[in-house]
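# The sequence and its predicted three-dimensional model are supplied below.
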Amino acid sequence: MGSTVSALFEEVASGVDVQDARNKVEERAERGDFSTLVALAGEVEARLPATSAEARGRLHALSDHIEETLARRASVESARALLDIARQPRDARFQGTHSAARRERDLAGLLARWNPTPVLRALLPLRSGPRDLTELFACYVQELVLRGESLEAEPAVRELWARLVEGGHPLALLPLRRGRWESSLGRLLGVEDVEDALRDLQAHLASARAGDADEEDTLPLGPRTRRSPEEVPLPASAGAIIDAWAEDVAPARDFRRAFSLRPPQPGMGADLLAAFLEDADLGGLVPTDDPGCERQGPEDVVATLFTRAAFGAEGWVGAQGAAYGRLATWRTLAGLMGVAGEPRDWRVLEQQAGACRWFRFTVTTSRPSSSSRLGLACLRPGGTTLALLAASLRA
């Protein structure tokens, strides 16, 4: 095996066509020779420091291809080999600081894409101890949940989750089933499921019926002059997604505030919100001539926030992966709804999200991508408080 591994390494390092080496990786996987692929991944890492800078890109591509090939085999044996590779560190100078810090999240996403619950069930007992690849498995579980798999009844998963709760792991806050407003998230991760599509349609219809049943108030908010509305405290978690962007690139501008509405506006519509945004000072984030306000259902807001959190803004800025993207989404929602602290009672949180009125509005930016901007408004039940979240990236 050693000579085979060395030959493959030299083939890539010497500048021979990388595609040929990739084909040989796939041939090995087809034959079930996963041990050679694990050894090759280790060889790449061990010999990387002595490799020319010109060859490192090819080696990086080969390592990525080994990991993806093992995940795509969709078997317990190939997935176990991928776990062996996960235990081998990859050089941060080679892979990039951002990727290195999130490597287990990335590998969890690869596993979940092709390896559903039966594989997870077989892998969990193969951990070498309670701390072995904890981050990978925590993310793997949440990736499967977001793809529509309910894991509440899986004993090994429940045991893992109990340990995460005990250790204060951030993902332990998340439930082991997908929520009422999350039916479209599987499709955002590439899952095409008729049942998911039906649930998503039902959620949209429910939101539409609720919107039709609402009587939209036209109570004046006061004279149409620029003023400073009374601010009320807004939980810090409302900016969770924007704060994640700032880990990579600080937004050019961001705005996160909550205001007291007098008189209350329980039936506020898009036009009344537009008038409020035109009058209030949002630091130039919103066009004064047309804020482009639009009513949205909770499922649309969840999808918007999840996309920005999981995949990041333009250029993968602040990308957190699906598991942490889900957590950031609900932290942001909870903050906008005025829930202080970490979200824990998910059924109550879902009910509260359905009771709020949600809107999107236009945010000015010089960047062409829509993912580089975010503008959301949450009118809390009773219409006494309006929370706003807006941000745009630098040009």
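Received, thanks.

# Please enumerate the strands of this protein.
Using DSSP state E, the strands found in the chain span residues 231-232, 253-260, 294-296, 357-360, 373-379, 385-392.

# What is the second one packed up against?
Translated: strand 253-260. Applying 3 or more CB pairs under 8 Å, 6 or more residues apart in numbering; DSSP states H and E, one finds that strand 253-260 makes contact with strand 231-232, strand 385-392. Every residue, glycine included, has its C-beta placed from N, CA and C.

# and the last one, how far out from the chain's middle?
On the basis of CA atoms, centre = their mean, to the nearest Å, strand 385-392 is displaced by 20 Å from the centre of the chain it belongs to.

# can you offset everything so residue one is 391?
Renumbered: residue one is now 391, and that last one reads strand 775-782.

# Please save the CA atoms from that strand in PDB.
Output of strand 775-782 as PDB, limited to C-alpha atoms (Å, rounded to 0.1, in the frame of the first residue of the first chain):
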ATOM      1  CA  THR A 775     -43.200  47.200  19.500                       C
ATOM      2  CA  LEU A 776     -41.400  47.200  16.100                       C
ATOM      3  CA  ALA A 777     -38.000  45.600  15.900                       C
ATOM      4  CA  LEU A 778     -35.700  46.300  12.900                       C
ATOM      5  CA  LEU A 779     -32.600  44.500  11.600                       C
ATOM      6  CA  ALA A 780     -30.700  45.800   8.600                       C
ATOM      7  CA  ALA A 781     -27.200  45.400   7.200                       C
ATOM      8  CA  SER A 782     -25.200  45.700   4.000                       C
END
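
# between that strand and strand 643-650, how big is the angle?
Angle of strand 775-782 versus strand 643-650, following axes from the mean of the first three to the mean of the last three CA atoms, to 10 degrees, is 180 degrees.

# so for strand 775-782, what's the average pLDDT?
Computed over strand 775-782, the mean pLDDT rounds to 94.

# With stretch 430-444 instead?
For stretch 430-444, the mean pLDDT works out to 83.

# Likewise for stretch 454-464?
Mean pLDDT, stretch 454-464: 95.

# go on, stretch 673-692?
86.

# Show me the shaky parts of the protein.
Filtered on pLDDT under 70, the chain yields the residue ranges 391-392, 406, 481-491, 582-618, 678, 705, 756-760, 785.

# Recalculate using a threshold of 50.
Residue ranges of the chain with pLDDT under 50: 487, 584, 602-603, 608, 613-616.

# The nearest residue to Ser453 once chain neighbours are set aside: what's it in contact with?
Among residues not flanking Ser453 along the chain, Val434 sits closest, at 5.4 Å (CB to CB, 6 or more residues apart in numbering). Counting by CB atoms under 8 Å, 6 or more residues apart in numbering, Val434 touches 399, 449, 452-453.

# Look up how far Gly422 lies from Val434.
Distance, Val434 to Gly422, using CB to CB, to the nearest Å: 21 Å.

# re the thing from before, sort out for me which of the contacts of Val434 are in helices.
Those of the contacts of Val434 mapping onto helices are 399, 449, 452-453, per DSSP state H.

# As TSV, the residues you listed with distance to Gly702 and neighbour count would be great.
Formatted as TSV, the ones in helices among the contacts of Val434 follow (distance: CB to CB, whole Å; neighbours: other CB atoms under 10 Å):
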residue	distance to Gly702	neighbour count
Phe399	33	20
Leu449	26	21
Leu452	25	22
Ser453	22	21
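
# Dump the residues you listed into CSV; add distance to Thr459 as well.
What follows is the ones in helices among the contacts of Val434, written out as CSV (distance: CB to CB, whole Å):
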residue, distance to Thr459
Phe399, 16
Leu449, 15
Leu452, 10
Ser453, 11
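
# Between the residues you listed, which sits nearest Thr426?
Phe399 (11.6 Å; CB to CB).

# if I look at the residue nearest to Gly728 when sequence neighbours are not counted, how far off is Arg734?
Among residues not flanking Gly728 along the chain, Arg770 sits closest, at 6.0 Å (CB to CB, 6+ apart). Distance, Arg770 to Arg734, by CB to CB: 19 Å.

# So these two - more neighbours on which side?
Just comparing Arg770 and Arg734: by other CB atoms under 10 Å the higher neighbour count belongs to Arg770, 19 against 11.

# residue boundaries of the helices in the stretch 441-590 of the chain?
For the stretch 441-590 of the chain, the helices defined by DSSP state H, counting those that start in this stretch occupy 443-462, 466-476, 482-485, 487-491, 493-504, 507-513, 524-536, 545-557, 575-578, 584-603.

# Check these for me and report the most buried one.
helix 524-536 (a mean of 24; mean count of other CB atoms under 10 Å).

# tell me which strands and helices it is in contact with?
Applying 3+ CB pairs under 8 Å, 6+ apart, one finds that helix 524-536 contacts helix 493-504, helix 507-513, helix 545-557, helix 711-726.

# how does it look with 6 Å?
Here helix 524-536 touches helix 493-504, helix 711-726, going by 3 or more CB pairs under 6 Å, 6 or more residues apart in numbering; DSSP states H and E.

# Would you mind listing the outside residues contacting the last one?
What it means is helix 711-726. With contacts defined as CB atoms under 6 Å, 6 or more residues apart in numbering, helix 711-726 is touched by 495, 529, 532-533, 536, 561, 564, 579, 625, 627-628, 630-631, 634, 695-696, 699-700, 710, 733, 743, 768, 777.
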